[in-house]
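[1] Kindly return the folded structure for what I paste below:
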Amino acid sequence: MKRLILMAIVTVGVMSVGMAQKVQNYGFFNHASIGLSAGTTGIGLEISFPVTKVIQFTAGYSFMPKISVLKNVDYYYYIHSNGMNIRHTETTEVEGQLHMGDGKFLVEVSPFENYSFHVTAGLYVGKTVLITAQNNEPLSGINPDGEIMISGHKIKIGTDGIARATVEVNKVKPYIGIGFGRSVPKKRVSVSFDAGLMFWGSPAVYEDISGEHIRASSVEVGYEDKGLIDDIGTIKIMPVINLKLAVRLF
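    Numbering: from 1, shown residues only. Take a look at the predicted model:
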């Protein structure tokens with residue numbers, strides 16, 4: 001028993017020393033690390049491998065916990081009276097939710113062997129729906145011409161009294177950035193930093209009408225409510241800043 005305990009202690013000690021040593025021979029998938037990231041793309045979990053001495057490959061998934069914003073917006077409907085359609089305008093509360101979740105496939109190039117500076121390029125692939133918005137309380141007694149105004153877009157009110165809108169972006173989002181640190185650290189643990197741009201395209205507003213998902217085409221130019229859609233839904237290029245803690249597995 002004592003011999004087994006001694007052998008276990010020696011084995012753990014040898015493994016610890018080996019893990020503490022710096023990597024000198026980055027090669028094709030001969031090391032691996034796991035990483036936990038946090039930043040403007042949310043919380044991410046990643047796995048990374050070296051490809052050559054200067055190139056590393058990372059695959060992972062990042063998501064943003066749902067963020068909700070409540071906003072009072074106008075809605076209007078028409079009442080037919082004395083041969084005329086009279087427009088009535090009232091206010092209701094709309095809830096907007098931010099949805100972000102993407103797989104990522106990134107190539108990191110460190111052109112200087114003795115420095116941690118790197119250039120990163122790759123793709124984020126995932127959700128197209130960026131924002132959802134709807135009124136939480138059904139609006140009763142609204143005729144088929146009733147609409148809610150969300151960031152200048154006229155969203156039809158459904159037969160259930162709910163107006164539903166989404167802001168959607170491209171499924172595939174190219175990324176390019178720069179940073180410091182290595183995804184597969186030379187030592188056992190490292191912290192790296194990345195800053196770059198994600199190109200997710202021109203956001204488009206859609207509405208759900210009678211079970212159909214169609215693009216909202218009626219826009220009032222110059223209308224702004226400074227809500228979630230105005231703040232995020234008009235951004236074509238997403239600034240990305242991430243910090244990552246990486247642990248080398250072998």
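
[2] Helices along this structure, start to end?
    2-20, 228-232 (DSSP state H).

[3] Name the residue closest to the centre of this protein, please.
    Centroid-nearest residue in the chain, with Cα atoms, centre = their mean: residue 100, separated by 3.4 Å.

[4] Contacts only, for residue 45.
    Neighbouring residues of residue 45 by Cβ atoms under 8 Å, 6 or more residues apart in numbering: 34-37, 60-62. From N, CA and C alone the C-beta is placed, and that goes for glycine too.

[5] mind giving me a markdown table with those residues and columns for pLDDT, distance to residue 167 and neighbour count?
    Output for those, formatted as a markdown table (pLDDT from 0 to 100; distance: Cβ to Cβ, whole Å; neighbours: other Cβ atoms under 10 Å):
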| residue | pLDDT | distance to residue 167 | neighbour count |
| --- | --- | --- | --- |
| 34 | 96 | 33 | 15 |
| 35 | 96 | 30 | 23 |
| 36 | 96 | 29 | 14 |
| 37 | 97 | 25 | 22 |
| 60 | 97 | 25 | 20 |
| 61 | 97 | 22 | 16 |
| 62 | 96 | 19 | 23 |
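
[6] Quick check: of those, which lies closest to residue 52?
    residue 35 (19.5 Å; Cβ to Cβ).

[7] what bridges to that closest one?
    Here residue 35 sits in beta bridges with residue 46, residue 246, going by DSSP bridges.

[8] Just to check, it is in contact with residue 183?
    Yes - Residue 35 lies in contact with residue 183 (Cβ atoms under 8 Å); the separation is 6.3 Å.

[9] For residue 170, which non-adjacent residue is spatially closest?
    Distances taken as Cβ to Cβ, 6 or more residues apart in numbering place residue 201 nearest to residue 170, at 4.0 Å, with adjacent residues excluded.
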